[in-house]
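Chemist: Got a predicted structure here, sequence first:
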Amino acid sequence: MHFQWYPGHMTKAKRQMQEDIKLIDLVIELVDARIPLSSRNPDIDDLGKQKARLILMNKADLASEEQNKAWAAYFKEKGFFVVKLDARNRAGIKTINEVILDACKEKIERDRRRGIKNRPVRAMVVGIPNVGKSTFINTYAGKACAKTGNKPGVTKGKQWIRLNKNVELLDTPGILWPKFEDQKVGLCLALVGSIKDEILNIDELSLELINILQARYPGLLAQRYGVTEGQKPAEILKEIAGNRKCVKKGNELDYGKAASMVIDEFRSGRLGKITLEFPQE
Ligand code: G4P
């Protein structure tokens with residue numbers, strides 16, 4: 001499978017990011033917990049150097065808890081602050097507030113030494129499309145937060161959301177471009193639904209997923225669909241189509257329907273909590 005991301009978009013997104021990043025103290029980077037590396041663009045490490053860094057492992061509700069822990073340790077080891085999150089839920093917000101202050105403690109201390117009191121930490125949310133940036137901003141900022149744009153001392157045209165007395169958030173997230181150099185990255189992004197399905201071959205995608213599930217989560221396909229594992233992915237898909245009565249007119253098996261069902265059940269979490277990439281590798 002081949003995936004494409006247009007260079008024009010990429011240049012524009014990068015330029016915007018370079019401008020916005022000058023205004024902030026902290027980069028809040030969202031990744032998809034099911035594919036923590038494929039959903040990152042490592043260029044942000046260069047763009048965001050000198051800034052405090054927080055990685056939110058979003059959609060953690062859909063990923064394996066064991067792998068969530070392993071990935072959190074992996075990122076911490078690389079010097080990031082990390083929080084696992086379901087952005088649709090306000091439950092993690094308190095932790096994030098605490099971690100933000102921890103991540104920015106040097107800046108807060110520096111301000112204090114210079115006699116600057118109560119200057120809030122300024123942060124921006126970044127991430128590739130579909131990782132949950134807008135969901136997070138909505139949940140985190142909530143309705144109650146007033147926007148504080150276009151006042152004296154506030155950069156013209158930029159809207160800031162005052163979250164609490166300590167934190168201000170740029171209201172528009174920074175869009176990072178996925179990095180497609182490795183086709184495996186494209187596959188991971190396609191599986192989690194971050195590439196438009198119209199341009200994908202769902203049958204082929206489902207076979208790739210079946211392959212990964214057999215290797216990494218043995219027993220799961222047998223349990224969910226009553227199939228015999230250890231066969232070629234195409235044979236498994238055929239069994240799934242049969243067991244789930246995916247048929248076309250004339251009682252012929254409908255592989256396309258079975259393929260879409262498997263992909264849908266994976267994406268929605270009905271297949272279980274599944275991580276597709278592993279930090280050990
Ligand atoms: P973006 O701004 O980064 O492009 O992402 P956005 O917030 O639009 O979120 C993309 C999709 O991911 C949305 O689903 C959203 O509900 C879902 N989502 C965001 N965070 C989480 C999370 O932590 N866990 C889970 N399970 N899902 C999350 P959608 O199907 O596009 O929209 P909708 O059906 O929710 O309206």
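Modeler: Good, I have the coordinates.

Chemist: where along the stretch 1-150 of the chain do the strands fall?
Modeler: 26-32, 52-58, 81-84, 121-127 (DSSP state E, counting those that start in this stretch).

Chemist: and the shortest one, how far from the chain's centre?
Modeler: Meaning strand 81-84. Distance, stretch centre to chain centre, for strand 81-84: 12 Å (CA atoms, centre = their mean, to the nearest Å).

Chemist: Setting aside sequence neighbours, what's the nearest residue to residue 96?
Modeler: residue 83 (5.5 Å; CB to CB, 6 or more residues apart in numbering). Yep, even glycine has a C-beta here, placed from its N, CA and C like the rest.

Chemist: At the contact with the ligand, which residues of the stretch 51-200 of the chain appear?
Modeler: By the rule CB under 6 Å from any ligand atom, the part of the stretch 51-200 of the chain lying against the ligand is 58-59, 61-62, 85-88, 127, 129-135.

Chemist: from these, which two are the most distant?
Modeler: 61 and 129 (19.5 Å; CB to CB).

Chemist: show me the contacts for the nearest residue to residue 241 once chain neighbours are set aside.
Modeler: The spatially closest residue to residue 241, leaving aside those adjacent along the chain, is residue 258, at 3.7 Å (CB to CB, 6+ apart). For residue 258, the contacting residues are 206, 237, 240-241, 244, 246, by CB atoms under 8 Å, 6 or more residues apart in numbering.

Chemist: Torsion angles phi and psi at the residue of the chain positioned farthest from its centre?
Modeler: In the chain, the residue that sits farthest from the middle, by CA atoms, centre = their mean, is residue 250; the gap is 42.2 Å. Dihedral pair for residue 250: phi 80, psi 10, per degrees, to the nearest 10.

Chemist: cool, residue 169 as well?
Modeler: Torsion angles, degrees, to the nearest 10, at residue 169: phi -120, psi 130.

Chemist: how deep is it tucked in, by neighbour count?
Modeler: 26 (other CB atoms under 10 Å).

Chemist: Could you pull up the residues touching it?
Modeler: Counting by CB under 8 Å, 6+ apart, the residues that residue 169 touches are 28, 122-125, 137, 140-141, 160-161, 163.

Chemist: and if you look at residue 55?
Modeler: Residue 55 neighbours (CB under 8 Å, 6+ apart): 29-31, 75, 80-83.

Chemist: The lowest-mean-pLDDT helix or strand in the chain - contacts with which helices or strands?
Modeler: Lowest on mean pLDDT, DSSP states H and E among the helices and strands of the chain sits helix 7-21, with a mean of 84. When contacts are defined as 3 or more CB pairs under 8 Å, 6 or more residues apart in numbering; DSSP states H and E, helix 7-21 packs onto helix 43-47, strand 121-127, strand 174-175.

Chemist: follow-up on the earlier one: using a markdown table, lay out the contacts of residue 55 together with pLDDT and neighbour count.
Modeler: Formatted as a markdown table, the contacts of residue 55 follow (pLDDT from 0 to 100; neighbours: other CB atoms under 10 Å):
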| residue | pLDDT | neighbour count |
| --- | --- | --- |
| 29 | 98 | 28 |
| 30 | 98 | 28 |
| 31 | 98 | 25 |
| 75 | 98 | 20 |
| 80 | 97 | 17 |
| 81 | 98 | 19 |
| 82 | 98 | 22 |
| 83 | 97 | 19 |
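
Chemist: coming back round to it: please report how far the residue nearest to residue 241 lies from the ligand.
Modeler: Counting by CB to the nearest ligand atom, to the nearest Å, the separation of residue 258 from the ligand is 22 Å.

Chemist: Kindly report the same for residue 122.
Modeler: Taking CB to the nearest ligand atom, one finds residue 122 at 20 Å from the ligand.

Chemist: Does that residue touch residue 22 like I think?
Modeler: No - using CB atoms under 8 Å, residue 122 is not in contact with residue 22, being 10.6 Å away.

Chemist: Those two: which is more packed in?
Modeler: residue 122 (17 against 8).

Chemist: what residues are up against that one?
Modeler: Counting by CB under 8 Å, 6+ apart, residue 122 has contacts 23-26, 160, 167-170.

Chemist: Tell me how far stretch 191-198 lies from the chain's centre.
Modeler: 13 Å.

Chemist: what's next to it, contact-wise?
Modeler: For stretch 191-198, with CB under 8 Å, 6+ apart as the criterion, the contacting residues are 3, 32, 34-35, 39, 128-131, 178, 186, 189, 205, 208-209, 263, 266-267, 276.
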